[in-house]
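Enquirer: what's the 3D shape of this:
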Amino acid sequence: MASWASTQSGALKQFQPAHPVATGICLGFVGLLLTLLRRPTALTTPGLYAEDGVGFVLQSLSSGAGAILDPYNGHILLLPRLIAGLATLLPLSWTPLVFTLCSALVAVGACSLLLSKRFDGLIPHYAQRVLLFGLLLLIPRLTEVHLALNNTLWWFGVALLLTSLAGDPTTRFGRSAELLAVPLLVLSGLAGLVLAPAMAFRVLRTRSLHSKILLGIWYVTALVLLSVYLTQDRKNGSVPIGMPLVRAGFEKVFGSLVLGAGSVDGRWASGVPAAILVMLMLCAVAWAALVVLGLRWEFSAALLYAAAASVAAGFLALGPFAAALPDRYTVLPIAAVLIGLVAARPKPKALSILRVALLILIVVMRCTDFVVPARPDTHWSRSAACLALPANTCVIPLNPQGWTLTLPAGMR
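Expert: Residues are numbered from 1 along each chain as shown. This next block holds a predicted model:
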């Protein structure tokens, strides 16, 4: 029996799809279904969320194509605004569903980069890359980010993180596509600025001309992004990088993974018990040891930097409000933790056993923490009925509660 199990495990590790493109399409479809099933009310009771309405829809209708490059709260959001601009060319009654489907496709598209052979150097076994693909789509803290167009910027950040960990494309078309995609991704949120040093580790690892050119393009567009950010009227916070950062990082990142988002959000509203916080800190130390001892130093340095820098960036951007570390700021550090955990191949047997135990625990928690909380029904059908009458001024309820979008008569 043990021999049979060992044989099956070895066969699974050696599996490579005979038709990679067709297999990737099938897995992408499964991932899309998985993403939509996490909150099916996005399809049954659609509605707009926050900046999706007051930012993207309103500004696309009022400014047209010029809205694509308009900064919002200090950010350039090129790709989300482009999606919104194209969506407003369709009937406005379709907008929530179009935003939902496009947001799901962005998330699946970002994570599906893992299915490429470019990640053989990081994770040689295809089955493990498929596992990571699923785990990234099941990131626990997605209350804000899940199927919201204005928060696709975090999935673009995941795509950039994966790009920094990938090998070079082997075809001219692939290299050209990457050189075109990276500046678009960098200009779609602040993740490209935060993760810029991670790309430097890819250059040190590959030492290829293509990676050096890509690094230059990334840094030039990141400087453009930074110059826009610094010239906008945005109040940044000033939180000491101390205990608030440490507690929030451990609670919201590692606590969500090994104990579930519900535990972090509900049971610990008044603060995590000291014993549990110590346990989470030990999990973090164990993860760091796994990454350092189980990966090439260029990979481990990129992942350690990405996890730490993305948490710190939330504090620097939000100030005192970051003490709770909002959901959106946990996507990148959690992604870095999952990538490191699946990719690490430590030689000490004790660390290898610990890695498997943590993976099993996280997979179980992702299955039991599958559902993303439904948003309140904003009764979109009523808004659609108003939008069908161009002479009406429509006041459209949005999520979160209290947000509204006003579309004057004649704008649509």
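Enquirer: burial count for Lys252?
Expert: 26 (other C-beta atoms under 10 Å). C-betas here are computed from N, CA, C, even on glycine.
Enquirer: pretty sure it sits against Thr143.
Expert: No - at 11.8 Å, Lys252 does not count as touching Thr143 under the criterion of C-beta atoms under 8 Å.
Enquirer: which neighbours do the two share?
Expert: Residues touching both Lys252 and Thr143 (C-beta atoms under 8 Å, 6 or more residues apart in numbering): there are none.
Enquirer: from the chain's centre, how far out does stretch 188-204 sit?
Expert: 15 Å (C-alpha atoms, centre = their mean, to the nearest Å).
Enquirer: for that stretch, buried residues please.
Expert: 188-196, 198-203 (16 or more other C-beta atoms under 10 Å).
Enquirer: got it, and stretch 31-51?
Expert: Residues of stretch 31-51 classed as buried: 31-32, 34-36, 38-39, 42, 45-51 (neighbour count, 16+ other C-beta under 10 Å).
Enquirer: let me know the pLDDT of the nearest residue to Val220 once chain neighbours are set aside.
Expert: Nearest non-adjacent residue to Val220, counting by C-beta to C-beta, 6 or more residues apart in numbering: Pro183, 7.9 Å away. For Pro183, the model assigns a pLDDT of 97.
Enquirer: what comes into contact with the helix or strand where Pro183 lies?
Expert: Using DSSP states H and E, Pro183 sits in helix 172-186. Residues from elsewhere that reach helix 172-186 (C-beta under 8 Å, 6+ apart): 78-79, 156, 159-160, 163, 168-169, 192-193, 210, 213-214, 217-218, 220-222, 225.
Enquirer: please apply the same query to stretch 39-52.
Expert: With contacts defined as C-beta under 8 Å, 6+ apart, stretch 39-52 is touched by 36, 57, 72, 84, 95-97, 99-100, 146-150, 371-375, 377-380, 396-400, 403, 405.
Enquirer: where's that stretch relative to the chain centroid, distance-wise?
Expert: Per C-alpha atoms, centre = their mean, the centroid offset for stretch 39-52 relative to its chain is 18 Å.
Enquirer: how about stretch 372-385?
Expert: Centre-to-centre, stretch 372-385 and its host chain are 24 Å apart (C-alpha atoms, centre = their mean).
Enquirer: average pLDDT for it?
Expert: 91.
Enquirer: list the buried residues in that stretch.
Expert: Under 16+ other C-beta under 10 Å, the buried positions of stretch 372-385 are 372, 375, 378, 380, 383-384.
Enquirer: residues contacting Arg81?
Expert: Residues near Arg81 by C-beta under 8 Å, 6+ apart: 56, 59-60, 67-70.
Enquirer: I meant to write Cys283 there.
Expert: Shown in contact with Cys283 (C-beta under 8 Å, 6+ apart): 254, 258, 358.
Enquirer: unless I misread the structure, the first one falls within a strand.
Expert: No - looking at Phe254 with DSSP: H, G, I helix; E, B strand; the rest coil, it is helix, so not inside a strand.
Enquirer: ok, back up a step: list the buried residues of the helix holding Pro183.
Expert: Of the residues in helix 172-186, 175, 178, 181-183, 185-186 count as buried by neighbour count, 16+ other C-beta under 10 Å.
Enquirer: can you check the pLDDT for the spatially most central residue of the chain?
Expert: Among the residues of the chain, the one closest to the centroid is Trp155, at 3.2 Å (C-alpha atoms, centre = their mean). The score at Trp155 is 96. That number is its pLDDT.
Enquirer: quickly find the element holding it.
Expert: Taking DSSP H and E as the definition, one finds Trp155 inside helix 152-165.
Enquirer: chain center to that helix: distance?
Expert: For helix 152-165, the distance to the chain centre is 7 Å (C-alpha atoms, centre = their mean).
Enquirer: that one - contacts with which helices or strands?
Expert: The elements that helix 152-165 packs onto, with contact taken as 3 or more C-beta pairs under 8 Å, 6 or more residues apart in numbering; DSSP states H and E, are helix 78-87, helix 95-111, helix 172-186, helix 191-194, helix 196-206, helix 297-318, helix 331-343.
Enquirer: can you give me the neighbour number for Val371?
Expert: Residues near Val371, counting by other C-beta under 10 Å, number 11.
Enquirer: isn't there a helix covering it?
Expert: No - membership of Val371 in a helix is not supported by three-state DSSP, which gives coil.
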